[in-house]
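> Provide a 3D model corresponding to the input given below.
(one chain, ligands or ions: 2)
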Amino acid sequence: MKTALTIAGSDSGGGAGIQADLKTFSAHHVFGMSVITAVTAQNTVEVRSIQTMSKEIIRDQISAVFDDIEVHAVKIGMLGSAENIEMVAKTLHTYKPQHIILDPVMISKSGDHLLEIDAVEALKKHLIPMATIVTPNLPEAETLSGITIQSKQDLYEACQIIEQLGAKAILLKGGHSAGDPNDLYYDGANYTWLRGERILTKNTHGTGCTLSSAIAANMANGLGIEDAIYHAKEYITKAICESFAIGKGHGPVNHFYRFQEVHQL
Ligand SMILES: Nc1ncnc2c1ncn2[C@@H]1O[C@H](COP(=O)(O)OP(=O)(O)OP(=O)(O)O)[C@@H](O)[C@H]1O
Ligand SMILES: Cc1ncc(CO)c(N)n1
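Numbers count the residues shown, from 1 in each chain. Ligands and ions are numbered 1, 2, ... in the order given. Prediction:
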């Protein structure tokens, strides 16, 4: 059995964060484990409050997993504070997991801050250099690169700047663009476009969490990085296509379609 660990925040509404990650792992037949960095009181409409976990309990959750269980891939999502970023980086340095998929979560679809503003520098300094792949959305790529993205050329430049921070590869997600949701992959040498067609739905809560977890699950299952992102893009596209109109805001994506396909439900 292959395993994947998510280090992320809890979403009480079940559409994003740890909950989306574990559902994605299961749908990929990967055994999911979790380190909770923060608890958010959240639904499809808003984030009502956040309690960030202490750095000690984050460290202890990570070591409890690694001291006992082989971890085939790690996905990192919401971290909350600079202090927690430093602790996650320091603890992962001890265990040196082979694949680290870093989703640099900053702001939720509902517009709420999930990362303290002064923590961006810590993310750049401590975690990006450890990442196998970083998966920023457009606003996150602007924050990490320090440039405003208005053209295709800006996308290429943002990828280069983030790669120079030490990441091995970048997947710059196009969900927030005005047109079709095309994602740009950069491996430090070449650019590849993962093309998508915009699905007209408001049910896009947790799309970024799901995409990064699907990449982690695919890598845990032994795929190389390029196959892993290609299949993850297919997975998120279908999951959005068949998403659920649950709640009054941005509803969650559908992880069950995989089980329905396999079991012909
Ligand atoms: N309406 C849509 N139709 C098709 N694909 C989409 C749509 N919205 C997003 N995507 C795809 O979903 C993936 C996640 O992209 P997005 O930019 O939404 O991430 P995100 O902002 O980090 O998500 P979140 O913060 O809600 O978890 C990308 O592959 C993107 O192209
Ligand atoms: C806990 C959590 N992580 C990530 C996201 C993605 O925006 C979210 N809304 N909530």
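
> excluding its backbone neighbours, what's nearest residue 65?
residue 33 (5.3 Å; Cβ to Cβ, 6 or more residues apart in numbering). From N, CA and C alone the C-beta is placed, and that goes for glycine too.

> Now the element after the helix or strand hosting that neighbour, going C-ward?
In this structure, residue 33 sits in strand 31-42 according to DSSP states H and E. Next in sequence after strand 31-42, counting helices and strands by DSSP H and E, comes strand 47-52.

> could you point out which element follows that next one?
Going down the chain from strand 47-52, the next helix or strand is helix 55-66, by DSSP H and E.

> What separation do you get for residue 78 and residue 92?
Relative to residue 92, residue 78 is positioned 16 Å away (Cβ to Cβ, to the nearest Å).

> out of these two, which sits in the more crowded spot?
Taking neighbours as other Cβ atoms under 10 Å, residue 78 and residue 92 compare with residue 78 leading, 27 against 20.

> Hmm, residue 21 and that one touching each other?
No - in this structure, residue 78 is not within contact of residue 21 by Cβ atoms under 8 Å, at 10.5 Å.

> list residues touching both of the two?
Residues touching both residue 78 and residue 21 by Cβ atoms under 8 Å, 6 or more residues apart in numbering: residue 8.

> Against ligand 1, how distant is whatever residue of the stretch 151-265 of the chain ends up closest to ligand 2?
Nearest residue of the stretch 151-265 of the chain to ligand 2, counting by Cβ to the nearest ligand atom: residue 209, 5.2 Å away. According to Cβ to the nearest ligand atom, to the nearest Å, residue 209 stands 5 Å off from ligand 1.

> residues near that residue, how many?
Going by other Cβ under 10 Å, the residues that sit close to residue 209 add up to 30.

> and it, which of the three is it?
helix (DSSP: H, G, I helix; E, B strand; the rest coil).

> Now it. Nearest residue, chain neighbours left out?
residue 20 (4.2 Å).

> Go ahead and confirm that neighbour touches residue 239.
No - the pair residue 20 / residue 239 is not scored as a contact, 9.5 Å apart, by Cβ under 8 Å.

> Mutual contacts of those two, please.
In contact with both residue 20 and residue 239: 210, 253, 255, using Cβ under 8 Å, 6+ apart.

> Contact partners for the residue lying closest to residue 138 once chain neighbours are set aside?
Once flanking residues are discounted, residue 138 sits nearest to residue 176: 4.2 Å by Cβ to Cβ, 6+ apart. By Cβ under 8 Å, 6+ apart, the residues touching residue 176 are 137, 138, 139.

> Which strand or helix spans residue 176?
For residue 176, there is no enclosing helix or strand under DSSP H and E.

> Residue 4 now?
strand 3-11.

> is any part of that strand close to ligand 2?
Yes - using Cβ under 6 Å from any ligand atom, we find that strand 3-11 touches ligand 2 at 8, 9, 11.

> Now pLDDT and neighbour count too, for the residues you listed, in CSV please.
Formatted as CSV, the residues of strand 3-11 next to ligand 2 follow (pLDDT from 0 to 100; neighbours: other Cβ atoms under 10 Å):
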residue, pLDDT, neighbour count
8, 98, 29
9, 98, 29
11, 98, 29
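
> Closest to ligand 2 out of the residues you listed?
For the residues of strand 3-11 next to ligand 2, the nearest to ligand 2 is residue 9 (3.2 Å; Cβ to the nearest ligand atom).
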